[in-house]
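>>> Take a look and give me a structure for this.
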Amino acid sequence: MGGFGDFLVQNLGDFWTYTGIYNATWQHFAMIAIGIFFIYLAVAKEFEPMLLIPIGFGMLIGNIPFNMDAGLQVGLYEQGSVLNIFYQGVQQGWYPPLIFLGIGAMTDFSALISNPKLMLIGAAAQFGIFGAYMIALALGFDPMQAGAIGIIGGADGPTAIFLSSKLAPNLMGAIAVSAYSYMALVPVIQPPIMRLLTTPKERVIRMKPPRAVSHTEKVMFPIIGLLLTCFLVPSGLPLLGMLFFGNLLKESGVTRRLAETARGPLIDVITILLGVTVGASTQASEFLTVDSILIFGLGALSFIIATTSGVLFVKFFNLFLSKENKINPLIGNSGVSAVPDSARISQHVGLEYDPTNYLLMHAMGPNVAGVIGSAVAAGVLLGFLL
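Residues are numbered from 1 along each chain as shown. Okay, here's the model as predicted:
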């Protein structure tokens with residue numbers, strides 16, 4: 001009986017060493033708390049729930065402690081595990097182009113086509129990327145890490161993941177979570193900057209209604225857009241190619257089923273896999289580092305620079321425009337790539353000062369230009385850093 005008792009005690013002892021309770025550290029609980037906070041923001045505040053719920057729950061999954069030496073093959077970083085297989089789509093950069101395919105199939109470029117000068121606002125907002133890149137270099141990050149961190153300023157999660165997977169895979173979790181966090185916090189970060197940088201008179205500028213855009217123009221835009229951008233920056237082809245292809249599916253009028261699939265079931269499935277695996281990649285041992293804290297700080301700074309650059313560029317541009325063609329600088333914030341949230345912020349802040357001045361359609365022009373601009377910026381960084 002004693003032999004059986006010893007056997008039972010030994011087995012219970014072995015089982016205990018496999019439990020999460022035994023292997024837990026304060027870092028695991030800290031990351032679990034952050035994951036729960038993300039879910040709270042999504043549910044209670046409705047901040048980007050389609051992103052923050054998968055990422056937040058992924059953080060819970062990724063920070064369940066277990067014995068790393070047991071060979072259980074359940075962790076994200078264990079070769080052959082199910083989570084590791086899903087994570088290949090992030091590491092190898094498969095998911096971001098598929099997300100861009102869906103974005104292209106959802107995006108209406110009419111506002112940009114009808115008023116092409118709005119593209120300059122989207123370009124100006126990308127200064128946040130290169131500003132953060134220079135600051136990251138000054139803080140001691142190497143050029144490839146600095147490039148991956150800087151892309152957070154584009155406010156485009158898939159682009160941030162795509163670029164960091166190529167330039168700084170070891171920082172990808174922190175960069176991706178930072179990018180999506182600041183995308184979700186657009187309603188918090190941008191309005192104070194917009195109010196600070198504009199005058200009461202500027203906030204009530206009325207812009208001319210956008211002209212009607214023909215079907216031919218809509219079909220030609222993705223073709224011309226692909227050729228112009230990818231001949232200039234071939235390294236952006238995976239993102240830009242899929243973005244413009246998705247848009248052609250939408251605008252051609254003859255591939256409705258493919259467009260519906262791209263902007264519906266396909267992008268939903270990829271968003272789930274991307275969000276959960278990015279969240280699960282934030283294991284405490286990999287994530288809670290000084291570099292991660294610096295990345296979050298630089299991400300906030302790059303987002304602020306991008307918003308500021310967009311608003312100030314419109315104010316500068318207005319100096320050269322006639323009175324009837326002036327642009328409301330409140331749409332300058334929408335040059336970042338957070339579609340359509342930053343355009344909605346332009347609308348909401350504008351309505352505070354003039355309830356009859358609708359800026360949404362105008363803001364969508366620089367907003368979709370920002371999507372293109374962030375992908376081009378990623379291609380530029382890839383081109384001269386790899």
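>>> Pretty sure A132 sits against S302.
Yes: assessed by CB atoms under 8 Å, A132 is found in contact with S302 at 3.2 Å. Placement of C-beta: from N, CA and C, glycine included.
>>> residues shared between the contacts of the two?
I149, G150, I152, G153 (CB atoms under 8 Å, 6 or more residues apart in numbering).
>>> Take those residues and lay them out in TSV including neighbour count.
Below are the shared contacts of A132 and S302 laid out as TSV (neighbours: other CB atoms under 10 Å):
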residue	neighbour count
I149	33
G150	32
I152	35
G153	34
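>>> Lowest-confidence entry in those residues?
When those are compared by pLDDT, G153 scores lowest at 78.
>>> can you tell me how far that one sits from L60?
Distance, G153 to L60, by CB to CB, to the nearest Å: 29 Å.
>>> do L12 as well
L12 is 27 Å from L60, where distance means CB to CB.
>>> So which bits of the longest helix seen in the chain are buried?
Secondary structure of the chain per DSSP state H: the longest helix is helix 290-318. Within helix 290-318, the residues scored as buried using 16 or more other CB atoms under 10 Å are 291-292, 294-296, 298-314, 317-318.
>>> which stretches of the stretch 51-200 of the chain have low pLDDT?
Where the stretch 51-200 of the chain drops to pLDDT under 70, the residues are 68-72, 155.
>>> How about the contacts made by the closest residue to Q27 other than its chain neighbours?
Nearest residue to Q27 in three dimensions, chain neighbours excluded: A284, at 3.5 Å (CB to CB, 6 or more residues apart in numbering). Going by CB under 8 Å, 6+ apart, A284 touches T25, Q27, H28, A30, M31, N63.
>>> same deal with K166?
For K166, the contacting residues are G93, L382, L386, by CB under 8 Å, 6+ apart.
>>> Of the residues you listed, keep whichever come out buried.
G93, L382.
>>> Using a markdown table, lay out the contacts of K166 together with secondary structure and distance to S165.
Shown next, in a markdown table, are these (DSSP: H, G, I helix; E, B strand; the rest coil; distance: CB to CB, whole Å):
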| residue | secondary structure | distance to S165 |
| --- | --- | --- |
| G93 | coil | 5 |
| L382 | helix | 11 |
| L386 | coil | 12 |
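>>> from the contacts of K166, which is closest to I270?
Comparing these against I270 with CB to CB places G93 closest, at 12.4 Å.
>>> list the contacts for that closest one?
G93 is in contact with I161, F162, S165, K166, P238, counting by CB under 8 Å, 6+ apart.
>>> Tell me if I'm right that the third one and V90 touch.
Yes: proximity of S165 to V90 meets the contact threshold set by CB under 8 Å, at 6.6 Å.
>>> So between those two, which is more surrounded?
Neighbour totals were compared for S165 and V90, and V90 leads with 25 against 21 (other CB atoms under 10 Å).
>>> Look up which helix or strand the residue nearest to that one when sequence neighbours are not counted falls in, please.
Nearest residue to V90 in three dimensions, chain neighbours excluded: T277, at 5.4 Å (CB to CB, 6+ apart). Secondary structure assigned from DSSP states H and E places T277 in helix 267-280.
>>> re earlier: compare L12 and L60 (neighbour count), which wins?
More crowded of L12 and L60, by other CB under 10 Å: L60, with 18 against 9.
>>> Excluding residues flanking it in the chain, which one is nearest the more buried one?
L60 sits nearest to G35 (CB to CB, 6+ apart), 4.7 Å away.
>>> That neighbour in helix, strand or coil?
Look at G35: counting by DSSP: H, G, I helix; E, B strand; the rest coil, its state is helix.
>>> if I read this right, it contacts I53, doesn't it?
No: the criterion here is CB under 8 Å, and G35 misses it with I53 at 10.2 Å.
>>> When those two are compared, which one has more neighbours?
Shown here are G35 and I53; by other CB under 10 Å, G35 has more neighbours (23 against 19).
>>> show me the contacts for the more buried one.
I55, G56, F57, G58, M59, L60, N63, G279.
>>> make it 7 Å
G56, F57, M59, L60, G279 (CB atoms under 7 Å, 6 or more residues apart in numbering).
>>> per-residue pLDDT, it?
Per-residue pLDDT puts G35 at 93.
>>> Would you mind measuring from it to L41?
Distance from G35 to L41, counting by CB to CB: 11 Å.
>>> swap in L112?
From L112 to L41 the distance is 31 Å (CB to CB).
>>> Show me what the helix or strand harbouring M220 is packed against.
Assigned by DSSP H and E, M220 falls within helix 215-232. Applying 3 or more CB pairs under 7 Å, 6 or more residues apart in numbering; DSSP states H and E, one finds that helix 215-232 contacts helix 110-114, helix 237-251, helix 360-385.
>>> out of those helices, which comes closest to A179?
helix 360-385 (10.3 Å).
>>> circling back: next, the buried residues of the helix holding M220.
Neighbour-count burial for helix 215-232 flags K218, V219, F221, P222, G225, L226, T229, C230 (criterion: 16+ other CB under 10 Å).
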